[in-house]
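> Mind looking at a prediction? Sequence and model below.
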2 protein chains.
Amino acid sequence: MEILNTSEWLSKPRYVCGIMTGTSVDAVDIAIALFSNHDGNFKFEIIATGCYEISEQIREFIFRIISEYVPVSDISLLNFVLANIFSDSVKKLCRNSRFPLKKIDALGVHGQTLYHGPNDKYKEYMEFSSTFQAVSISALSKLLNKPVVGDFRPADIALGGQGAPLVPIFDYEFLRDSNENRIVLNIGGIANLTLLPADCKKGDVKAFDTGPGNVFIDMAVQKYFNLNYDKNGEIARKGTLIPELMNNLKSVPFITKLPPKSTGRERFSKDYFFYLIDEYSSSNTMNEDFVRTFTEFTEWSIAENIRLFAKNPKRIIASGGGSDNVFLMELLKKELPNVIIDKSDSFGIPSDFKEALCFAYLAYLTLSGLPGNIPSVTGASNETVLGVIAMP
Amino acid sequence: MEILNTSEWLSKPRYVCGIMTGTSVDAVDIAIALFSNHDGNFKFEIIATGCYEISEQIREFIFRIISEYVPVSDISLLNFVLANIFSDSVKKLCRNSRFPLKKIDALGVHGQTLYHGPNDKYKEYMEFSSTFQAVSISALSKLLNKPVVGDFRPADIALGGQGAPLVPIFDYEFLRDSNENRIVLNIGGIANLTLLPADCKKGDVKAFDTGPGNVFIDMAVQKYFNLNYDKNGEIARKGTLIPELMNNLKSVPFITKLPPKSTGRERFSKDYFFYLIDEYSSSNTMNEDFVRTFTEFTEWSIAENIRLFAKNPKRIIASGGGSDNVFLMELLKKELPNVIIDKSDSFGIPSDFKEALCFAYLAYLTLSGLPGNIPSVTGASNETVLGVIAMP
C-alpha cells in the first residue's frame, strides 16, 4: 500500500519552495526551484530567491527560548508565529518575483532549531537523543494552502544518527563528478565540508564541520567596528597576525579530530571569544589584528581539514557568507595552490540560498518517497524518508 | 496533483491504530480498528484495545513542563520520550492481543497536550492563538516502521477555530440516527456533549463542554479515601448532599453559558477544590458528603445543559470513566426520565477507548484526504484535512 502518489509526483517537473532560518536567526532565506526527474537523475532550475529580515523582537523572543527557562506556552506560540512569518515571506517573494503562489507544488521548511542533542545519553531518568526545530508545519500548510514538508531531522535521530548534516545528499546529487575529487565547502557561522571523491557512490560521501566559519570574525567586527560582517575581508587585510593567539587557536583539539565530527556555537561561544580577546590584547595589538587572526584561523582550519581528510582534491565548491570574504578565499587559495576554488554560483547554486534550496530538494525527495539522509554521514542505521507532510 | 493516494487508501479496509493520552497523563489508551468504506459511509470493527500506565517519573516530568518554566531541551526530550513510550505500548498491545504489527496500515496519535490557547489574542508583542501536543510523529513512524498521522489540532486553529473538540466528526459518522435526537456524552475529567439531531447534516452538529466531569469527584476521593476514583459511585451513595456547597457550585456561570463553550482543569483546579473544601467543611460534614455533592453537581450540570440546549433528546450515548459511575448515571436517569441512557459499548464503541478510536478514525480520514473538523463545532472558517503525516 502506497500512501503517497510518488510516481505521479515524479512524472512532471515540480515547483518546490525551500525555507531556511539558521542559528543566527537574522533572516528567512527562501528559494523557489523547479525540480525535474530524468530517469532517477534530478535537475533543478532556480526560479526565485529572497531574504526577509526577522524583527529584533522575534529574534530576542527566540534567543530567550533557546537560552532561558520558559513556559511551554512560549514554544506553542513560537510554532504559530513562525508559521505566520514564513507564510508572509513566501507570499512576499511570490509578489516581488511575479511568480504566482498557485504554481508552487509544495514547500520544504527547516524550522528554527531550538535544541539539537543527538548525543544526549542521560537526561534526568531518561535516555534519548533528541532535536527540536520549531514551526507548526500544519498551520503553515493551511496559511499557504499548500502541501508542506518539514521536521526533517528527527527521523535520522530516531535511527541512531546525528540528524545532521542533511545538505550532503544535495551535494552528492548535484555536485559530484565522475572524474574530479571534489569538496563542497560551506562557510556559515560554522564551516563544513562534504567530500565527494571522483565517481563516488552515496555511501562514499563524508561530511563534517571543520571548526569556526564566520562566528569569531563577525564577533570581532561587531565589537570593534560595529559592523555585522567584514565585507570582502577588507578589515582583516589591513590587520597583522597575532602569533600567540593563532597558536592558541591552532591547539583547539576539534580542528584536527578525526571525522565524523560536528560542532556549534556552544563550543565557539561569545564567552570564549571574550576570553581570547582579553587574554591576547596588549598595547601592540590593533583592532584589525584580531579580525585578521580569526580570519587566518578559519582559513587554516578549513585547509588543515582538507589536508588531513580529503584525498587529492581537485576542486572546492564554496558557498555561505564566508565564501564572499575575498581575503579569506585568497588565503585559502594560497594555502591550497593545487586546488581550484569555485563558488557554487558557477554550478547554478546561489551561494546565499544553498541551504534553502537544499530543504526544497529534501521536500522533493520526501514527496518522491526517497530517502534524504546519508548514513555514512549521519551515522543512522539506514537511509530513510525524512520529515512529516501536511496537506492543505 | 494529488500528493496522497487517497483512492487506493479507500479501496480496501484499513487497520488503523489510535493512541490517546489525556490531561491526567495517567495512561496511554490504544485502540486498533478495521475501518472500511462503503460508498462514502464508513464502518469500523474493534480489533484490540489496551491501556498502558505512564510511570510516575514521566508523569511528573510532564506536569513540570506544563506548570513550570523549563529549558527547551526538556520539551525536545519529551517529544522523543513519548515516541518511545507510544511505540513500546503499541508493540505490547500487538503482542498481548496476538495481532501482528505488520498488519497495521497506519497510526493516529493525539500527542500529549502541553498547552492549548485557542483564544490567545495578545501575548507579549505577538498575536496568535496556538496549541501544542507533544510527541515526535516522525520518530514514532521510524520506531514502528509505519505511517503515522498526528498533530491534528493546529490546522483548525490556523483557520480560526478552537482546535477542539475533534471527537464530534466520529460521533456524527457513527452515532447519528435518522429518527432519534441523540446526545453523545463523554464524562472524563471534564464532561462534554455532542448534539446530533435526528437526520442531521454535518453542519447541524453542536458540541461543547458542560463543566466538571470526574475532576472534583476524583480529587475528593483522593484526599479523603486515598483512592483514584469512586468505583461505581459507592462512596457518593453513602454521603449526604451539602446544600450550601451545591448552591455555590450551581452559581458557576460557565454551566449555563450559551454554547459554543469549552473549559479545562485551569477553571476547575486543585486550588478551587481546596477553597471549596475549606469553605464548606464543618463539624456536621462527613467526608462522603463532599463526594456526594460533587457527584450530584456533575450530574446536575450535565442535565442542566441538556435541558437548556438539546431539543427533545431521545437517547444519551455515554462514554468515559464517569459513565462507569453507576450512582452518577442513576441520578442522571432520574433527572431526565424521558431520555434513554445507553453506554457507547451498546453501539460497539468501548467506552474507555472511544477517544483512542476517534484518533484512529481521524488518521483514517486524513489519509483518505477528508476533513476531520466540523466548523459548526470548532468555529473554523472551513472544513479541512487535519494533521501531519510521517512516512516510515
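Everything's here; your move. Residues are numbered from 1 along each chain as shown, chains lettered A, B, ... in the order given.
> So what does residue A:251 have for phi and psi?
Here is the backbone geometry of residue A:251 (degrees, to the nearest 10): phi -90, psi 0.
> what is the mean pLDDT for the helix or strand containing residue A:237?
Here residue A:237 sits within helix A:234-238, counting by DSSP states H and E. Helix A:234-238 shows a mean pLDDT of 98.
> What is the subsequent helix or strand relative to that helix?
Remark: after helix A:234-238, the chain's next helix or strand is helix A:243-250, criterion DSSP H and E.
> List the residues that contact residue A:299.
Counting by Cβ atoms under 8 Å, 6 or more residues apart in numbering or on different chains, residue A:299 touches A:328, A:331-332, A:335. Glycine gets a C-beta too; all of them are placed from N, C-alpha and C.
> Pick the one among the residues you listed closest to chain B.
For the contacts of residue A:299, the closest approach to chain B (Cβ to the nearest Cβ) belongs to residue A:328, at 33.4 Å.
> which ones are touching the closest one?
A:187, A:233, A:236, A:295, A:298-299, A:322.
> For those residues, which two are the farthest from each other?
Within the contacts of residue A:328, A:187 and A:236 form the most distant pair, 13.6 Å apart (Cβ to Cβ).
> Name the residues contacting each of the two.
A:325, A:328.
> possible to save the contacts of residue A:328 as JSON lines with secondary structure?
Formatted as JSON lines, the contacts of residue A:328 follow (DSSP: H, G, I helix; E, B strand; the rest coil):
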{"residue": "A:187", "secondary structure": "strand"}
{"residue": "A:233", "secondary structure": "helix"}
{"residue": "A:236", "secondary structure": "helix"}
{"residue": "A:295", "secondary structure": "helix"}
{"residue": "A:298", "secondary structure": "helix"}
{"residue": "A:299", "secondary structure": "helix"}
{"residue": "A:322", "secondary structure": "helix"}
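> which one of these sits closest to residue B:6?
Ranked by distance to residue B:6 (Cβ to Cβ), those are led by residue A:187 at 44.8 Å.
> ranges for the strands of the stretch 51-200 of chain A?
A:106-109, A:112-117, A:130-134, A:148-150, A:182-187, A:190-196 (DSSP state E, counting those that start in this stretch).
> does the residue nearest to residue A:170 when sequence neighbours are not counted count as helix, strand or coil?
Spatial nearest neighbour of residue A:170, chain neighbours left out: residue A:358 (4.3 Å); criterion: Cβ to Cβ, 6 or more residues apart in numbering or on different chains. With three-state DSSP as the basis, residue A:358 sits in helix.
> ok, residue A:358 touching residue A:18?
Yes: with contact defined as Cβ atoms under 8 Å, residue A:358 counts as touching residue A:18 (6.8 Å).
> and the residue in the stretch 151-300 of chain A positioned nearest to chain B, how many neighbours?
Closest approach between the stretch 151-300 of chain A and chain B, counting by Cβ to the nearest Cβ: residue A:158, at 3.8 Å. Neighbourhood size, residue A:158 [other Cβ atoms under 10 Å in any protein chain shown]: 27.
> Just the buried residues of the longest helix anywhere in chain A, please?
Looking across chain A with DSSP state H, the single longest helix is helix A:72-97. Residues A:72-87, A:89-90, A:93-94 are the ones in helix A:72-97 that count as buried (16 or more other Cβ atoms under 10 Å in any protein chain shown).
> swap in stretch A:278-297?
Buried residues in stretch A:278-297 (16+ other Cβ under 10 Å): A:280, A:285, A:287-297.
> Give the buried residues for the helix holding residue A:237.
Buried residues in helix A:234-238, defined by neighbour count with 16+ other Cβ under 10 Å: A:235-237.
> so what's residue A:319 bridging to?
Using DSSP bridges, the beta-bridge partners of residue A:319 come out as residue A:186.
> how about it, what does it touch?
A:184-187, A:343-344, A:349, A:351-352, A:354.
> how about low-confidence regions in the stretch 101-250 of chain A?
A:122-125 (pLDDT under 70).
> one more time with 80
Scanning the stretch 101-250 of chain A for pLDDT under 80 picks out A:121-126.
> Show me which residues of it are close to chain B?
A:105-106, A:114-115, A:117, A:120, A:123-126, A:128-132, A:136-139, A:141-143, A:147, A:151, A:154-155, A:157-159 (Cβ under 8 Å from any Cβ of the partner chain).
> Let's see the ChimeraX selection covering just the buried ones among those.
Buried residues within these, by 16+ other Cβ under 10 Å, are selected in ChimeraX with:
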select /A:105,106,114,115,117,120,123,126,128,129,130,131,132,136,137,138,139,141,142,143,147,151,154,155,157,158,159
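> isn't the residue of the stretch 151-300 of chain A closest to chain B right next to residue B:137, touching?
No: using Cβ under 8 Å, residue A:158 makes no contact with residue B:137, being 10.6 Å away.
> Now do the shared contacts for these two.
By Cβ under 8 Å, 6+ apart, the residues touching both residue A:158 and residue B:137 are residue B:83.
> what's the domain layout of chain A?
Domain assignment for chain A, taken from automatic domain parsing, gives A:6-166+A:354-390, A:168-338.
> how far out from the middle of the chain is the shortest one?
When you say that, I think you mean domain A:168-338. Relative to the centre of its chain, domain A:168-338 is centred 14 Å away, using Cα atoms, centre = their mean, to the nearest Å.
> Between the two ends of it, how far is it?
With Cα to Cα, to the nearest Å as the measure, domain A:168-338 spans 24 Å from end to end.
> could I get the buried residues of stretch A:278-297 as JSON lines with pLDDT, secondary structure and distance to chain B?
Shown next, in JSON lines, are the buried residues of stretch A:278-297 (pLDDT from 0 to 100; DSSP: H, G, I helix; E, B strand; the rest coil; distance: Cβ to the nearest Cβ, whole Å):
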{"residue": "A:280", "pLDDT": "95", "secondary structure": "helix", "distance to chain B": "33"}
{"residue": "A:285", "pLDDT": "93", "secondary structure": "coil", "distance to chain B": "38"}
{"residue": "A:287", "pLDDT": "96", "secondary structure": "helix", "distance to chain B": "36"}
{"residue": "A:288", "pLDDT": "97", "secondary structure": "helix", "distance to chain B": "38"}
{"residue": "A:289", "pLDDT": "97", "secondary structure": "helix", "distance to chain B": "38"}
{"residue": "A:290", "pLDDT": "98", "secondary structure": "helix", "distance to chain B": "32"}
{"residue": "A:291", "pLDDT": "98", "secondary structure": "helix", "distance to chain B": "33"}
{"residue": "A:292", "pLDDT": "98", "secondary structure": "helix", "distance to chain B": "37"}
{"residue": "A:293", "pLDDT": "98", "secondary structure": "helix", "distance to chain B": "34"}
{"residue": "A:294", "pLDDT": "98", "secondary structure": "helix", "distance to chain B": "29"}
{"residue": "A:295", "pLDDT": "98", "secondary structure": "helix", "distance to chain B": "33"}
{"residue": "A:296", "pLDDT": "98", "secondary structure": "helix", "distance to chain B": "35"}
{"residue": "A:297", "pLDDT": "98", "secondary structure": "helix", "distance to chain B": "30"}
